[in-house]
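**Q** dropping a prediction and its sequence here:
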Amino acid sequence: MATAAVTLTTQLQNTERPAVCAKCLYVFAQALSDKENEAIAVALLKSHHAFFTACAKVASAPGATGDLSPLRSTLNANAAACPNKRYHAFASLALGDSVACVMDALCQCLFAAVCRGSQKKHNKILLSKNGMWPSSLEELIPTDVKAYARWAGTLPRWHAIAFLSRLLIVARRKVMEDLSLSPARDRICSTMVRSMRLWRVPESEFRPEIRPYLSHDVPLGRPPIQDAAQILGQVVGLLVIFEDGPNRLLDDFRFFSDGYERILHDAIVAFLEKPTCPLDAKHRDTLVGAASMLSSRGNLPVHPLVEQSRQPTSPTGHNLARDGLNLAHTILVYLEQRRDDRTCAGPGCTSYAREGETGTRALSLCGKCKFLRYCSPECQKRDWTVGRDDVPHKVICSALCKFERAGVSPRATSMDAFSRVYFDNTTLTDEEFTWLAKWTLLDDRLPYEFKLGALNLFMRQSRDAARQGIFWP
């Protein structure tokens with residue numbers, strides 16, 4: 001496979017007119033993705049960086065709306081002149097179009113690259129341990145994710161959606177910039193709706209202005225049964241990552257679904273009523289929560305599943321964006337958001353890794369609170385003394401350590417326990433009490449309405465008048 005990778009790398013150098021045979025590339029991608037060949041895949045990730053970089057560049061080259069006709073003509077000519085036609089029978093029959101075939105093959109290779117060896121754990125990706133590709137986010141996303149979203153919304157296979165899900169975990173803020181805009185958002189939303197409703201959704205159900213984005217770039221029909229089931233499983237996984245993934249903002253799914261509230265809500269509840277793929281209790285609760293948000297945003301009739309989830313006694317009833325949270329609860333929700341951060345906490349820094357003598361490494365945890373991560377001593381020092389929004393980490397760190405000493409870990413505790421310690425005058429100093437709230441309320445990870453409602457409720461209910469000096473800018 002190493003020899004084939006070298007040959008394919010050369011053939012993929014021209015991103016607009018690659019010299020590769022789509023079917024041969026697909027056969028190679030299938031072999032690379034085979035679990036029995038994992039050791040070979042890991043070896044290639046260490047020794048053949050140029051191949052995977054070329055895959056990312058060619059997959060990204062058409063962009064969100066580029067004309068695929070010249071690429072299709074080139075690929076058709078390559079296949080016609082290919083001397084290895086005896087292998088073409090192993091390519092998927094669902095990918096008769098040459099563009100679909102080559103893009104699915106590239107997505108297969110890229111997905112294999114971010115889920116093999118140590119990179120099965122998402123927090124190991126971008127850390128060039130043992131020299132594995134990718135060594136930077138730029139290698140993984142050469143331009144933006146709009147083209148990746150294009151393939152995730154138009155190919156009859158699951159690899160592009162799975163790869164997009166991994167990207168959302170690895171570099172959420174970067175990916176959300178593109179997924180919150182048309183046409184990437186329209187394509188992904190349409191794939192979610194179509195898959196959860198078993199591909200029986202006519203384009204007339206979508207708004208007229210976005211229908212042009214829904215037409216396939218390649219002549220595709222309904223995916224084969226097995227592929228349709230795999231796409232649905234990946235769509236459910238993508239929804240769960242939207243709601244629960246690392247580095248998320250509570251507004252992420254709201255912005256992504258803007259304008260699609262009704263059709264997404266109906267698709268989710270239709271799937272929940274009759275699941276057509278395995279769904280565990282946690283994922284089910286996540287989807288019910290998403291349907292609840294969509295119902296509220298779109299002023300839709302409340303479905304019985306959603307109504308049940310909103311009951312205080314329901315296991316799924318903890319809708320954190322609902323009115324009634326006090327300030328301590330809001331801070332705990334914020335800490336839960338920050339707990340899984342995979343970006344540097346230094347003011348203005350967005351690094352995903354730190355540079356070491358032997359390559360990139362994982363971000364370093366604060367040695368005291370073990371909560372925030374940093375890419376360099378300079379970022380850590382700047383956060384310690386100045387901090388984001390003029391809230392120095394030395395104050396936040398002291399407060400977090402006091403919670404730990406009180407037996408209430410911000411990483412895993414109940415809201416009641418956290419509130420008791422937060423409002424206990426003997427635990428935090430006035431400075432720690434105030435600045436912990438300021439640190440929370442000035443961050444855009446929590447929606448404005450969420451923060452404002454929590455602050456107003458606190459100001460009305462707090463019994464300690466001396467501690468009502470917290471302000472809203």
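**A** Alright, I've got the coordinates.
**Q** residue 187 should be in a strand, yeah?
**A** No: residue state for residue 187 (DSSP: H, G, I helix; E, B strand; the rest coil) corresponds to helix; a strand is not indicated.
**Q** could I get the pLDDT score of it?
**A** What the model reports for residue 187 is a pLDDT of 87.
**Q** burial measure for it, as a count.
**A** A count of neighbours around residue 187, defined by other CB atoms under 10 Å, yields 24. The C-beta positions use only the backbone N, C-alpha and C, and glycine is treated the same way.
**Q** next: the one 10 residues further on.
**A** Residue crowding around residue 197 was assessed by other CB under 10 Å; the count is 18.
**Q** report the contact partners of it.
**A** Neighbouring residues of residue 197 by CB atoms under 8 Å, 6 or more residues apart in numbering: 267, 270, 271.
**Q** with pLDDT and neighbour count as extra columns, can I get the residues you listed in TSV?
**A** Putting those into TSV (pLDDT from 0 to 100; neighbours: other CB atoms under 10 Å) gives the following:
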residue	pLDDT	neighbour count
267	94	24
270	92	15
271	93	24
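**Q** domain assignment for this structure?
**A** Segmentation of the chain into domains, based on automatic domain parsing, reads 1-143, 182-319, 327-467.
**Q** now those domains in JSON lines, with distance to residue 150?
**A** Shown next, in JSON lines, are the domains of the chain (distance: least, CB to CB, whole Å):
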{"stretch": "domain 1-143", "distance to residue 150": "6"}
{"stretch": "domain 182-319", "distance to residue 150": "6"}
{"stretch": "domain 327-467", "distance to residue 150": "24"}
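**Q** closest to residue 149 out of those?
**A** With CB to CB as the measure, domain 182-319 is the member of those nearest residue 149 (3.7 Å).
**Q** from the chain's centroid, how far away is the closest one?
**A** On the basis of CA atoms, centre = their mean, to the nearest Å, the separation between the geometric centre of domain 182-319 and that of its chain is 15 Å.
**Q** got it, and stretch 4-20?
**A** 29 Å.
**Q** show me the shaky parts of this structure.
**A** Applying pLDDT under 70 to the predicted model, the residue ranges of the chain that meet it are 92-94, 118-124, 127-130, 213-222, 310-326, 356-359, 448-473.
**Q** all strands of it, in order?
**A** Under the criterion DSSP state E, the chain contains strands at 354-356, 359-361, 364-365, 373-374.
**Q** among those strands, which is the most enclosed?
**A** Mean neighbour counts were compared across these using mean count of other CB atoms under 10 Å; the top stretch is strand 373-374, at a mean of 24.
**Q** return the distance of that strand from the chain's centre.
**A** Distance, stretch centre to chain centre, for strand 373-374: 20 Å (CA atoms, centre = their mean).
**Q** can you list the strands that that strand pairs with?
**A** Using DSSP bridges, the neighbouring strands of strand 373-374 in the sheet come out as strand 364-365 (antiparallel).
**Q** what's in contact with the strand it pairs with?
**A** For strand 364-365, the surrounding residues in contact (CB under 8 Å, 6+ apart) are 354, 371, 372, 373, 374, 375, 380.
**Q** so how far is that strand off the chain centroid?
**A** Taking the mean C-alpha point of strand 364-365 and that of its whole chain, the gap between them comes to 22 Å (CA atoms, centre = their mean).
**Q** out of the strands of the chain, flag the one nearest residue 72.
**A** Each of those has some distance to residue 72 by CB to CB; the shortest is strand 359-361, at 37.8 Å.
**Q** sorry, back to before: identify the farthest-apart pair in the contacts of strand 364-365.
**A** That would be 354 and 371, which, of these, are the farthest apart (CB to CB) at 16.8 Å.
**Q** how deep is residue 179 tucked in, by neighbour count?
**A** The local packing of residue 179 (other CB under 10 Å) involves 26 other residues.
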